[in-house]
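**Student:** no letters, just coordinates:
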């Protein structure tokens, strides 16, 4: 039996070229780069008593992105390791783990990028330029690190990415700023890490918390630290503690309610419009519990995946965490209060009916109907999958319904699109249909029909009910009208029933 050594043959250029195909969202790619800056601070915290500043500069017209930090910086050896294959981080106590973040994120965003760095106490500035296309064509690993003397002895690292291939469309920049503020909120709150976006300091402002008054006049603030006991699977009566915080919003919010999962004080799962809302815990996403209940959990006991968009559910699973939430008497009391909080906010059907009646015969409604007739050929179900997925990416997701189907809701603003689009675009890893629901607030009828939060709630329920009805009856061609009404009625009734189930 013979044997011989075989080289992998993969060059840096070839590896980086594969990274151009990564489907990183803006927030995940940028998060990788910010993570590196924070890790540099955390590793050398004793030498950086004043904390650090991270400045992000985005130029849409110039198609450039710059991330600059005042952390510890790198020497020549550290910079070489940062841009080469298989030379991961030596320090393993921070947010980074696999030593791939810089290479993947920068290459995913742009064809050309550059790193310029000066280490604290070092008189030399080092820089390296990466041209992904040239490296790939040459099939080479060769890079040139330049060094120059610096007089001011500033310690910093600057990453410059040009020829961005993913421009920010729609409200992506607004959503990204908001997401970064929440992603690093625990690191920002102590004042040691400051993040700027085009010179604007990012701040995390938590929504107001619900307050109630007991019979004896004592005020209760619905905000508390939380400790969960999560049972480890396959191990008899073995539990691990998961700590966090829990609170109830004063007013309902699709954007800010739900559960966020943190690792190393960095948000991994969740964010504005994307928080986790397990149906077993909070009920249907349109219910009052789902839109008021908030929870942030620190899951450092688990590991994080290499893209940092989820945890590795190996030591215990999501279902184990859900069961721990359901077993907690404190969580139960907060869920119960969340449902009570919504009871007073339920819209008066008579008032809503009068408002609808007063507007149905208006000139604006007539105009909206005529406009819709002109676009009647553009039916919601004729939009192709790629177009719908692009709309979801550009406009973000308000919430997901973790059931069957796995449904997501997106709010878009387009004067020429249907008021509601729903379509199954693919199946997720669990084999469930992924139903995309897009509600168009830019439609001329939306402003006419929606005059308050209560009426918006009714519209969302109706439109989502229609989407779920269409999905439920998709096998019938065409479904009988009576069956459509019956199914829609049952779904709408179930929306409300979840608020009273424990």
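**Tutor:** Received the coordinates, thanks. Keep in mind that this is a model prediction, so the values were computed, not measured. Numbering: from 1, shown residues only.

**Student:** quick one: least confident helix or strand in this structure?
**Tutor:** Ranked by mean pLDDT, DSSP states H and E, the weakest helix or strand in the chain is helix 349-360, scoring a mean of 56.

**Student:** now for the nearest residue to residue 163 once chain neighbours are set aside, how many residues are close by?
**Tutor:** Nearest in space to residue 163, with sequence neighbours left out and distances taken as Cβ to Cβ, 6 or more residues apart in numbering, is residue 111 at 4.4 Å. The way it works is simple: take the backbone N, C-alpha and C, and place the C-beta from them, glycine included. Look at residue 111: counted by other Cβ atoms under 10 Å, it has 18 neighbours.

**Student:** hang on, residue 111 packs against residue 132?
**Tutor:** Yes: counting by Cβ atoms under 8 Å, residue 132 is a contact partner of residue 111 at 5.2 Å.

**Student:** what ranges does the stretch 251-400 of the chain have for its strands?
**Tutor:** When assigned using DSSP state E, counting those that start in this stretch, the strands of the stretch 251-400 of the chain occupy the ranges 258-263, 266-269, 293-298, 303-304, 311-312, 399-402.

**Student:** which one, of those strands, ends up nearest to residue 420?
**Tutor:** Among those, strand 399-402 comes nearest to residue 420, with 15.6 Å by Cβ to Cβ.

**Student:** so which elements touch that closest one?
**Tutor:** strand 406-412 (3 or more Cβ pairs under 8 Å, 6 or more residues apart in numbering; DSSP states H and E).

**Student:** in contact with residue 413, which residues?
**Tutor:** By Cβ atoms under 8 Å, 6 or more residues apart in numbering, the residues touching residue 413 are 170, 395, 440, 441, 442.

**Student:** now residue 398
**Tutor:** Contacts of residue 398 (Cβ under 8 Å, 6+ apart): 254, 255, 273, 409, 410, 411.

**Student:** give me the distance between the fifth one and residue 395.
**Tutor:** Same thing as residue 410. 5 Å (Cβ to Cβ, to the nearest Å).

**Student:** quick check: neighbours shared by the two?
**Tutor:** Counting by Cβ under 8 Å, 6+ apart, the residues touching both residue 410 and residue 395 are residue 438.

**Student:** got the contacts of residue 398 as CSV, with neighbour count, distance to residue 36 and pLDDT columns?
**Tutor:** Putting the contacts of residue 398 into CSV (neighbours: other Cβ atoms under 10 Å; distance: Cβ to Cβ, whole Å; pLDDT from 0 to 100) gives the following:
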residue, neighbour count, distance to residue 36, pLDDT
254, 21, 32, 80
255, 18, 28, 84
273, 23, 26, 80
409, 24, 33, 84
410, 21, 31, 85
411, 20, 33, 83
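
**Student:** phi and psi next, for the nearest residue to residue 83 once chain neighbours are set aside.
**Tutor:** Among residues not flanking residue 83 along the chain, residue 128 sits closest, at 5.7 Å (Cβ to Cβ, 6+ apart). When quoted as degrees, to the nearest 10, the phi and psi of residue 128 stand at phi -140, psi 140.

**Student:** for residue 128, grab the count of nearby residues.
**Tutor:** Residue 128: 19 neighbours (other Cβ under 10 Å).

**Student:** also the one 4 residues further on?
**Tutor:** Summarising burial for residue 132: neighbours were counted as other Cβ under 10 Å, giving 22.

**Student:** wait, it sits on residue 107?
**Tutor:** Yes: with contact defined as Cβ under 8 Å, residue 132 reaches residue 107; the gap is 5.6 Å.

**Student:** I'd assumed residue 54 was in a strand, is it?
**Tutor:** Yes: according to DSSP: H, G, I helix; E, B strand; the rest coil, residue 54 belongs to a strand.

**Student:** what about it, distance to residue 24?
**Tutor:** From residue 54 to residue 24 the distance is 19 Å (Cβ to Cβ).

**Student:** what do you get for residue 286?
**Tutor:** For residue 286 relative to residue 24 (Cβ to Cβ), the value is 31 Å.

**Student:** so for those two, which sits in the more crowded spot?
**Tutor:** residue 286 (23 against 19).

**Student:** these two touch, right, that one and residue 459?
**Tutor:** No: using Cβ under 8 Å, residue 286 is not in contact with residue 459; the gap is 10.7 Å.

**Student:** residue boundaries of the helices in the stretch 301-450 of the chain?
**Tutor:** 318-327, 329-343, 349-360, 363-374, 385-395, 444-449 (DSSP state H, counting those that start in this stretch).

**Student:** thought residue 470 was touching residue 422?
**Tutor:** Yes: using Cβ under 8 Å, residue 470 is in contact with residue 422, at 6.0 Å.

**Student:** higher neighbour count, the two?
**Tutor:** Using other Cβ under 10 Å, the more surrounded residue of residue 470 and residue 422 is residue 422, with 24 against 20.

**Student:** what angle do the longest helix along the chain and strand 406-412 make?
**Tutor:** Looking across the chain with DSSP state H, the single longest helix is helix 453-472. Note on geometry: by axes from the mean of the first three to the mean of the last three Cα atoms, to 10 degrees, helix 453-472 and strand 406-412 are set 130 degrees apart in direction.

**Student:** and helix 453-472, what other elements does it pack with?
**Tutor:** Against helix 453-472 (3+ Cβ pairs under 8 Å, 6+ apart) you get helix 349-360, strand 406-412, strand 420-427, strand 433-440, helix 444-449, helix 481-497.

**Student:** assign residue 162 to helix, strand or coil.
**Tutor:** Residue 162 - assigned by three-state DSSP - is strand.

**Student:** report how many residues lie close to it.
**Tutor:** 17.

**Student:** make 519 the starting number, not 1.
**Tutor:** In the new numbering, first residue 519, that becomes residue 680.

**Student:** would you check that it makes contact with residue 631?
**Tutor:** Yes: using Cβ under 8 Å, residue 680 is in contact with residue 631, at 7.1 Å.

**Student:** tell me the contacts of residue 903?
**Tutor:** Residue 903 neighbours (Cβ under 8 Å, 6+ apart): 941, 943, 944.

**Student:** ok, 10 Å please
**Tutor:** By Cβ atoms under 10 Å, 6 or more residues apart in numbering, the contact set of residue 903 is 941, 942, 943, 944, 954.
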